Structures are given as C-alpha cells and as structure tokens.
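A.B. asks: Fold the following.
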Amino acid sequence: MNRRLLERLPIFACAGLIAFLSLSFLWNAAVEATWPKLRIRSSQPLAGVTAPAPAPVTLDAILSGETQKALSANLGRSLPVFSLAVRAKNQFLYSLFGASGVASVVIGRNGQLYEPGYIDEFCGRGAPPDAAALDAWAVRLREAQDRVEALGKSFIYLVTPSKAAQLPHYLPKGRRCPALDRGRGEKLAPFRAALEAHRVAYVDGAGLMSEKRGEYSVDFFPRGGTHWNLLGAALALRDITDVLEKASKGSPFGRFDFNWAIAPQAEGTDRDLLDLLNLLWPDAHYPTATIVGANAASNCARAPNLLAVGGSFLFEILLDLGQAPCPPASEYWHYFRLEGRLFRRVGLNVIADRGGVKKLEEIADDPAALERGVERADVVILEENESNVSLMKQVDDLLAAARAHASSR
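C.D. replies: Numbers count the residues shown, from 1 in each chain. Reported below is the predicted structural model:
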C-alpha cells in the first residue's frame with residue numbers, strides 16, 4: 001500500500017498543482033473588481049509589465065482566434081506562478097548565454113545594460129541637421145526664454161547625455177556601429193552653435209559628462225541603469241545654479257555644491273534596466289554614486305517653485321535639488337516617446353529633500369495645466385536628451401503655454 005502511494009505521489013502532486021492554479025485563478029477573478037488587495041499574487045511583481053487588455057468578444061475576433069489568444073494570455077498572467085516562471089526563464093538566458101530575455105534591454109560588455117533605441121540613435125549618427133530646421137528650433141527656444149523672462153521668471157535650457165554616446169566602449173560585442181567607424185559620434189556642435197547664436201541660456205550636460213570623464217573613479221552612468229547617476233546630475237545642476245547666479249535675478253535655490261561617495265549597491269534609477277530584466281537573482285552590487293549637499297541650509301523666505309519640462313533625465317536633477325540650500329517645490333512635466341512621432345506627457349508634483357522624494361503625485365493634464373505651471377514658477381528648466389534633441393514636443397508645448405499666459409494677462 002505504501003509503495004503504491006509513493007508511486008502515485010507525482011500524480012497527486014501534479015493534480016494538486018493544477019487544482020491550486022485553477023482555484024487561485026477563480027479566486028483572483030472573483031475578487032479583482034471589488035477587493036483587489038485580496039488577490040493571490042507573487043511577492044515580486046514583474047517590472048515593466050503592463051496589465052493585459054481585456055479579451056475582445058466579437059464574432060470576428062472569435063473566428064480569427066484573437067479572443068482565444070487574449071484569454072490564454074490573460075489566464076497565464078493571472079496565475080501566481082507567472083512572475084516566477086518569467087524570472088526563471090530570464091535568469092537562465094542571462095546566466096548561461098549572457099542574453100537578455102527582454103526586448104527593451106540590451107546587454108553590453110562588462111554587463112553594461114542599454115536601451116536599444118539609444119544604441120540605434122548613436123550608431124546611426126551621420127549627416128549634420130538641416131540648417132533651416134536647426135535655426136527654427138533655436139528661434140523657438142529663444143522666444144520661450146524671452147516670454148518666460150518677461151513674466152519675471154528665470155529660464156535654462158538643458159541638454160542631457162545618452163549612455164550609448166557616453167559609454168560606446170561598452171556596446172555589445174559584434175554590434176556594428178557606423179557612427180563610431182566614421183568618427184561621427186559627436187553631434188551636438190551645431191546645436192551648441194545655434195543656441196549661442198540666438199543667446200539662449202543653456203547648460204550642455206552631455207558635453208559636461210564628456211569633459212569630466214576620468215576625473216572621477218566611477219562612471220556617470222551605472223551598469224544597470226539607463227540614466228545618469230546622481231553624481232552626473234549634480235555636476236550639471238551645479239552649472240545650472242552658476243548660470244542662474246550670474247543672471248540678474250540670481251538663483252532662488254542658492255548655489256548648489258556637493259560632496260560625493262561611492263555607493264556599492266545600486267538603488268532607484270541606478271538599477272532601472274536591471275529591474276526590467278526581471279531576474280531571479282539580480283546583482284545590484286556595482287559601484288555608483290551618492291551625493292550629499294555641501295551647502296549649509298539658507299534662510300529661505302519660502303520654497304522656490306520650479307517648472308521642469310522634459311524627459312526622464314530630469315528626475316535625478318530634482319533629487320539633487322532636494323539637497324540645495326533652498327530646495328524647491330517642483331512641477332515636473334515628464335515627456336516620453338511612444339512610437340515614431342507619438343509622445344505622452346505626465347505631470348507630477350515632486351517634493352524632495354535630503355531624505356529623498358517626500359511627495360510624488362500626478363497632476364491632471366488639462367489644456368491649461370502647463371500654463372498654470374508657468375504662472376507659479378520662479379525658474380523654468382526645459383530639457384532635451386542628446387538622442388532626440390530638437391525632435392520632442394516639450395519645446396513647442398512650453399512655448400505655447402508661455403504665449404497663452406502672456407495673452408491672458
């Protein structure tokens with residue numbers, strides 16, 4: 001009897017697993033709408049995985065198999081073991097073959113992680129930009145600056161760096177890169193010339209990273225991240241406050257300066273791509289930087305208001321500003337590209353201090369929201385990354401908001 005029971009244990013185990021998965025799926029389906037916190041889920045939800053769209057239930061969808069495919073995908077994702085299975089598969093690919101199981105992450109030399117879009121842009125650099133389009137872009141920036149300053153506010157344009165352009169020596173082995181072969185990896189010279197010709201107040205964060213490379217014992221881009229670290233952002237922020245200090249209104253944040261140290265374990269955006277890999281055992285023990293503001297706190301009459309308009313590289317600037325002599329209340333309009341010429345923006349209120357982000361809440365994006373941000377701001381920082389400089393939507397949106405505000409006065 002005992003022997004027969006032992007022989008059947010694998011069958012009982014499989015039946016028990018199937019029963020558990022079936023019951024957990026039914027339970028999750030029952031509580032999803034009313035009590036979502038009661039769902040059975042993995043203790044480590046997958047990073048970067050969006051909720052599946054509802055299955056279409058139409059005759060055409062059923063006949064084409066679209067409904068069945070969507071139901072199958074939704075069923076698989078709803079199971080508590082889905083996260084574990086994905087991580088196990090990705091860990092297998094990473095450990096045995098040094099390969100990424102995620103299309104949005106590329107593994108380079110020495111384990112450096114990249115987003116493929118940045119590599120494609122850098123390696124495809126070649127002909128200079130169209131002169132007329134470049135001049136029109138600089139004219140719009142200068143008008144945005146003039147209109148912001150006419151309202152009694154300060155304006156800074158910031159160019160941020162691309163990891164592929166800053167660390168091309170870590171690109172994946174065998175990755176052909178024509179821009180490197182032709183020596184055309186640097187593309188910002190004509191953009192800087194246009195900014196200077198139209199007297200736009202700007203800070204070249206990409207050029208600054210190239211200039212300061214080698215002065216520090218840690219890269220400005222962490223191995224497992226796509227963004228610059230707090231040290232790189234701090235160098236740019238110091239230049240931003242220097243430019244503001246030289247202007248007639250001065251810097252409402254005070255002059256930012258800092259001390260820094262190596263942080264052996266990555267946190268936050270220093271491991272954003274590592275998290276997207278969704279590994280069972282992600283190794284975040286690589287050197288990156290932590291900073292501490294070197295300024296004694298000033299006696300600020302009030303917290304200054306910052307309007308930050310641009311891409312994701314502004315987030316580290318906002319974190320570092322939490323350690324400025326007068327940390328601001330920041331309204332951050334975050335732009336990112338979806339596909340082709342499609343863009344999305346998300347408005348966020350950000351309060352940061354020496355302890356990190358204390359408040360992060362979304363702003364309702366109504367047509368006048370950015371205009372109100374211009375009204376409240378003491379300083380406006382407009383940012384574009386070198387990978388898409390002059391191609392994003394934030395320049396035109398800020399200019400339109402400044403125009404609308406001026407016409408309503």
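
A.B. asks: Might you report the residue contacts of the residue lying closest to residue 230 once chain neighbours are set aside?
C.D. replies: The shortest distance from residue 230 to any non-neighbouring residue, by CB to CB, 6 or more residues apart in numbering, is to residue 291 (4.9 Å). To be clear about C-beta, it is placed using only N, CA and C from the backbone, and glycine gets the same treatment. Counting by CB atoms under 8 Å, 6 or more residues apart in numbering, residue 291 touches 230-231, 234, 258-261, 320, 323.

A.B. asks: Confirm residue 291 sits in a strand?
C.D. replies: Yes: assessed with DSSP: H, G, I helix; E, B strand; the rest coil, residue 291 lies in a strand.

A.B. asks: just to revisit the earlier point, need the contacts of residue 291 in JSON lines (columns: pLDDT and distance to residue 375).
C.D. replies: Converted to JSON lines, the contacts of residue 291 look like this (pLDDT from 0 to 100; distance: CB to CB, whole Å):
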{"residue": "230", "pLDDT": "96", "distance to residue 375": "30"}
{"residue": "231", "pLDDT": "97", "distance to residue 375": "34"}
{"residue": "234", "pLDDT": "97", "distance to residue 375": "29"}
{"residue": "258", "pLDDT": "94", "distance to residue 375": "31"}
{"residue": "259", "pLDDT": "94", "distance to residue 375": "36"}
{"residue": "260", "pLDDT": "94", "distance to residue 375": "36"}
{"residue": "261", "pLDDT": "94", "distance to residue 375": "40"}
{"residue": "320", "pLDDT": "94", "distance to residue 375": "25"}
{"residue": "323", "pLDDT": "91", "distance to residue 375": "27"}
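
A.B. asks: Tell me the buried residues within the residues you listed.
C.D. replies: 230-231, 234, 258, 260, 320, 323 (16 or more other CB atoms under 10 Å).

A.B. asks: Residue 170 versus the residue lying closest to residue 167 once chain neighbours are set aside, what's the distance?
C.D. replies: Take residue 167 and drop its neighbours on the chain: the residue closest to it by CB to CB, 6+ apart is residue 221, 5.7 Å away. Distance from residue 221 to residue 170, counting by CB to CB, to the nearest Å: 9 Å.

A.B. asks: Comparing these two, which residue is more hemmed in?
C.D. replies: Applying other CB atoms under 10 Å to residue 221 and residue 170 shows that residue 221 carries more neighbours, namely 25 against 19.

A.B. asks: That one: what's it in contact with?
C.D. replies: Applying CB under 8 Å, 6+ apart, the residues contacting residue 221 are 161, 163, 166-167, 227-229, 232.

A.B. asks: can you rerun that using 6 Å?
C.D. replies: 163, 167, 228 (CB atoms under 6 Å, 6 or more residues apart in numbering).
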